[in-house]
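Novice: what would the 3D arrangement of this be:
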Amino acid sequence: MSKITPVLMSGGAGTRLWPLSRRARPKQFHALGGERTLIQDTALRFTTEAFGPPVVICNAGHADLVDAQLREVGVSASLILEPQGRNTGAAAAVAAVVAERDGCELVLLLSADARVNDPAALRAAIAAGTPAAEAGSLVIFGIKPTAPETGYGYIRAEPGDGAVRKVAAFVEKPDLATAKGYVADPAMSWNAGIFLFRPDAFLAEAERLAPDLAAAARAAVAGAPRQGDTLQLGAAFLKCPAVPVDVAVFEKTDKAVVVLADIGWSDVGAYDALWSEGAKDPAGNVLRGPAIAVDSANNLAISDGPTVVLAGVEDLAVIVENGVVLVTRRDAPGAVRAAVEAVKKAGREDLL
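Specialist: Purely as a prediction, here's the structure:
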């Protein structure tokens, strides 16, 4: 069986978790209730013999943070440093070019900022999809829906038996009624953005379906200096179109197959998710750091210093982080995004 190179995309800003997640320290560098940070947990899932050393694609300003956090858990990774994020399409194309150049057999491309509660099930799903990837298919892992999520994209599998099925369609974020139907449909799965492919097979499809992206990625890697295990992308990388890899390649190719994976996955992308996963007091409050709740229910309070006192309130998220206090409805990620935009308009980029 081919050796798999995990490529961890660590470029997300985690805007829906502001002010906990910020540009200088996005959510993948936070523990968010676990013992280790999200990027540490992600890297540790792939320390078995089936996988080679990981590659991390991240902002150049996060290089020291990535290196320190991974070394803390005994993982040594190669780094590909972006001068500026250009979305997952550019990250995927650059990773494939580097992997092809370095003789990597298979690439496992995934985000560094998601939670997986059953890593063994994820590795089993990867093993199930490996023969298809070796044969030239572009494999995507679909997560078994556990709730009618309207914030996720979905994958529809073609009818058939077996662990690996052709992709029939990618479906954008549905309304609630449609999402409820998807939960009961065995052909539907969440698109978690986890991909497995041969570098040459991915690049062949990228050159056919997104030639500008493929050409820009090859030029960016060709002109990038390498020092030890670090590749420093330069200005040429900024010519890559800023497009998701799903849109650029996977939604257009006829070589996409899906493997259903029941792995306990969460993108931990909003405060409601942190509350759902957190240890609750008898009234349903999740309290981290100095916090007291009285006559209050189903709240999330996180503080890095000042004591938060909740009195007579419900369903709130109160976040105190590095001098910023956010008070919002726990289940309103759109409100957090709006808050970020308001902070920008107020000229307080320093808070982001």
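
Novice: hey, where'd the helices end up in the stretch 201-350 of the chain?
Specialist: Applying DSSP state H, counting those that start in this stretch to the stretch 201-350 of the chain gives helices spanning 211-222, 245, 271-277, 333-345.

Novice: what comes up buried for the last one?
Specialist: This means helix 333-345. By neighbour count on 16 or more other Cβ atoms under 10 Å, the buried set for helix 333-345 is 333, 336, 339-340, 343. In this view, the C-beta of every residue, glycine as well, is placed from N, C-alpha and C.

Novice: of those, which is the nearest to Ala215?
Specialist: Checking the buried residues of helix 333-345 against Ala215 with Cβ to Cβ, the nearest one is Val340 at 33.9 Å.

Novice: my read: that closest one touches Ala13, true?
Specialist: No - contact criterion Cβ atoms under 8 Å: Val340 and Ala13 do not qualify, at 9.2 Å.

Novice: so what sits against both of those two?
Specialist: When contacts are counted by Cβ atoms under 8 Å, 6 or more residues apart in numbering, Val340 and Ala13 have no shared neighbour.

Novice: now the helices of the stretch 201-350 of the chain in a markdown table, with mean pLDDT and distance to Ala133?
Specialist: Listed next are those as a markdown table, based on pLDDT from 0 to 100; distance: least, Cβ to Cβ, whole Å:
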| stretch | mean pLDDT | distance to Ala133 |
| --- | --- | --- |
| helix 211-222 | 97 | 19 |
| helix 245 | 96 | 15 |
| helix 271-277 | 92 | 30 |
| helix 333-345 | 92 | 34 |
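
Novice: so Val107, which state does it fall into?
Specialist: Of the three states, Val107 takes strand under DSSP: H, G, I helix; E, B strand; the rest coil.

Novice: just to revisit the earlier point, can you list the buried residues of helix 333-345 in TSV and add distance to Gly305?
Specialist: Below are the buried residues of helix 333-345 laid out as TSV (distance: Cβ to Cβ, whole Å):
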residue	distance to Gly305
Pro333	25
Val336	21
Ala339	20
Val340	22
Val343	20
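
Novice: mind telling me the two of those residues farthest from one another?
Specialist: Pro333 and Val343 (15.7 Å).

Novice: flag the shaky bits of this structure, pLDDT-wise.
Specialist: Across the chain, the ranges flagged by pLDDT under 70 are 1.

Novice: ok, Pro19 - how many residues close by?
Specialist: 21 (other Cβ atoms under 10 Å).

Novice: quick check: closest non-adjacent residue to it.
Specialist: With Cβ to Cβ, 6 or more residues apart in numbering as the criterion, Pro19 has its nearest non-adjacent residue at 4.0 Å, and that residue is Val324.

Novice: please name the residues that touch the closest residue in space to Val183 that isn't next to it in sequence.
Specialist: Leaving aside its sequence neighbours, Val183 sits nearest to Pro145 (Cβ to Cβ, 6+ apart; 4.8 Å). Shown here is Pro145, whose contacts under the criterion Cβ under 8 Å, 6+ apart are 154, 179, 182-183, 188-190.

Novice: show me what the strand of greatest length in the chain is packed up against.
Specialist: Longest strand in the chain by number of residues (criterion: DSSP state E): strand 188-197. With contacts defined as 3 or more Cβ pairs under 8 Å, 6 or more residues apart in numbering; DSSP states H and E, strand 188-197 has these neighbours: helix 87-101, strand 106-111, helix 119-134, strand 138-143, strand 154-157, strand 256-261.

Novice: same thing but 6 Å
Specialist: strand 106-111, helix 119-134, strand 138-143, strand 154-157 (3 or more Cβ pairs under 6 Å, 6 or more residues apart in numbering; DSSP states H and E).
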